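Engineer: Got a predicted structure here, sequence first:
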Amino acid sequence: MKKFELSGKSYKANLHCHTTVSDGHYSPEEVKEYYKAHGYSVIAFTDHEILLDHSDLCDEDFIALNGYELSVNAPGPDDRSKALTAHICFVAKKQDNLRQICTSERDIWGNARGFIPQADIVQPDYKREYSHEGVSALMKAGRDNGFFVTYNHPTWSLESYPEYSGYDGMHAMEIYNTGCAVDGYDEYNCHCYEDLLRQGKKIFCIAADDNHTWGEGDRGKPGCDCCGGWVSIFAERLEYNAITKALEEGRFYCSTGPEIKSFRVEDGFVYVTTSPAHRISLITGRRRTEKVNAEYGHGATEAKFRIDPNDIYFRIDVLDDHGNHANTNAIFTEDIF
């Protein structure tokens, strides 16, 4: 049986972020300083429809990942608030990969149009198509051209199972989106992740802010879309390539609150240690779960669960007393037994 482990140093990251380059309220420099002050080491700058070089923001304590968010919109109706849409982030796995694909100038809007001269748009005639085939082709193009591809906020996008179940090519999907949640959407998408896993899609899950920072103040104040969902990346070191390598290998967990201090799969068991939790659960690909609950006011902080090849896949969900979750990526049993 193969061993898998998350332990040691991790780096807190937001993989979905907007700035004044597109429709955000603060500059990339201001976003960096805010997140650094709140314990983050990594931000993926994913402004709408424009890929720029943010390497000038990197220092010994902070990595700026280069990326952009693309949207594929269903035709009609005239009221765009009723139209289905798929939003996808491309995060460059190499710092010097600044070739913006799957984008024509007609796709670029708002402040981002002012940055067109700085972008390397290599497919100016690309036409996006809202269909299973069209969205999947875009995702696969991102993978083939050196990007880490995430599928974003299906609830806000008005997409449900008939839409997202037909998408192939993503590395990960957003299991939580802070910006949508503070706007009132139920954007904890555990059920969507499970839907895709049950189809046999070996993808990861992330939590991200999608911050535009229209609200002010620290997390917990009404309207603030910062620091509500993140990933903790277990990379060898705080360097661009090391961070993206860990992302591609799934060496991270996502959270809206709880901490997973260690996670180990070995000899038919899962071992996990956490911050004090209301419940630590093993979720599998069949109708079987295991759990450890808090007892007598003392939070659960560790668990050991048996795994079986018949589980199809398994993952850990940690629930704290405030209703916040931490989730590991699913591991398929055929890959370790």
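Structural biologist: In hand now; what should we look at?

Engineer: Could you list the low-confidence segments of this structure?
Structural biologist: The chain contains residues with pLDDT under 70 at 214-222.

Engineer: got the domain boundaries for it?
Structural biologist: 9-256, 259-337 (automatic domain parsing).

Engineer: Just the strands from the stretch 51-200 of the chain, written as ranges.
Structural biologist: For the stretch 51-200 of the chain, applying DSSP state E, counting those that start in this stretch gives strands covering 63-73, 85-92, 99-100, 120-121, 147-152, 172-177.

Engineer: Using a markdown table, please lay out those together with distance to D183 and mean neighbour count.
Structural biologist: C-beta coordinates here come from the backbone N, C-alpha and C atoms, glycine included. Shown next, in a markdown table, are these (distance: least, CB to CB, whole Å; neighbours: other CB atoms under 10 Å):
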| stretch | distance to D183 | mean neighbour count |
| --- | --- | --- |
| strand 63-73 | 17 | 23 |
| strand 85-92 | 14 | 25 |
| strand 99-100 | 28 | 20 |
| strand 120-121 | 31 | 16 |
| strand 147-152 | 14 | 26 |
| strand 172-177 | 9 | 26 |
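
Engineer: could these go into a markdown table alongside distance to N329?
Structural biologist: As requested, the strands of the stretch 51-200 of the chain are exported to a markdown table (distance: least, CB to CB, whole Å):
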| stretch | distance to N329 |
| --- | --- |
| strand 63-73 | 19 |
| strand 85-92 | 16 |
| strand 99-100 | 28 |
| strand 120-121 | 32 |
| strand 147-152 | 13 |
| strand 172-177 | 8 |
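
Engineer: Among those strands, single out whichever gets nearest to P28.
Structural biologist: strand 63-73 (7.5 Å; CB to CB).

Engineer: thinking again about what came up before, of the strands of the stretch 51-200 of the chain, which is nearest A207?
Structural biologist: strand 172-177 (3.9 Å).

Engineer: hmm, back to that, any chance of the domains of the chain in TSV, with distance to K2 too?
Structural biologist: Output for these, formatted as TSV (distance: least, CB to CB, whole Å):
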stretch	distance to K2
domain 9-256	13
domain 259-337	4
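
Engineer: Determine which stretch of those domains is the most buried.
Structural biologist: domain 9-256 (a mean of 19; mean count of other CB atoms under 10 Å).

Engineer: quick one, which of the strands of the stretch 51-200 of the chain is nearest to C205?
Structural biologist: strand 172-177 (4.0 Å).

Engineer: hmm, back to that, between the strands of the stretch 51-200 of the chain, which one is nearest to E194?
Structural biologist: strand 172-177 (9.9 Å).

Engineer: what does that closest one contact?
Structural biologist: 16, 148-154, 156, 164, 185, 187-190, 192-193, 196, 203-210, 228-229, 254, 256, 325, 327 (CB atoms under 8 Å, 6 or more residues apart in numbering).

Engineer: ok, 6 Å please
Structural biologist: Outside strand 172-177, the residues within contact range by CB atoms under 6 Å, 6 or more residues apart in numbering are 150-153, 187-189, 193, 203-208, 210, 229, 256, 327.

Engineer: Show me the one of the domains of the chain that comes nearest M1.
Structural biologist: Short answer: domain 259-337, nearest of the domains of the chain by CB to CB, at 5.7 Å.

Engineer: Can you give me the end-to-end span of that closest one?
Structural biologist: Terminal residues of domain 259-337 lie 27 Å apart, using CA to CA, to the nearest Å.

Engineer: Also stretch 235-242?
Structural biologist: Per CA to CA, stretch 235-242 runs 6 Å from first to last residue.

Engineer: what does stretch 180-193 give?
Structural biologist: Span of stretch 180-193 from end to end, CA to CA: 17 Å.

Engineer: same thing with stretch 60-80?
Structural biologist: Note: stretch 60-80 ends 43 Å apart using CA to CA.

Engineer: T46 contacts H16, correct?
Structural biologist: Yes: using CB atoms under 6 Å, T46 makes contact with H16 at a distance of 5.5 Å.

Engineer: Overlap of the contact sets of these two?
Structural biologist: Counting by CB under 6 Å, 6+ apart, the common neighbours of T46 and H16 are C89.

Engineer: now the angle from the lengthiest helix in the chain to strand 63-73?
Structural biologist: Criterion DSSP state H: the longest helix present in the chain is helix 132-144. Interaxial angle of helix 132-144 relative to strand 63-73 (axes from the mean of the first three to the mean of the last three CA atoms, to 10 degrees): 160 degrees.

Engineer: Now find how far off-centre helix 132-144 is within its chain.
Structural biologist: 17 Å (CA atoms, centre = their mean, to the nearest Å).
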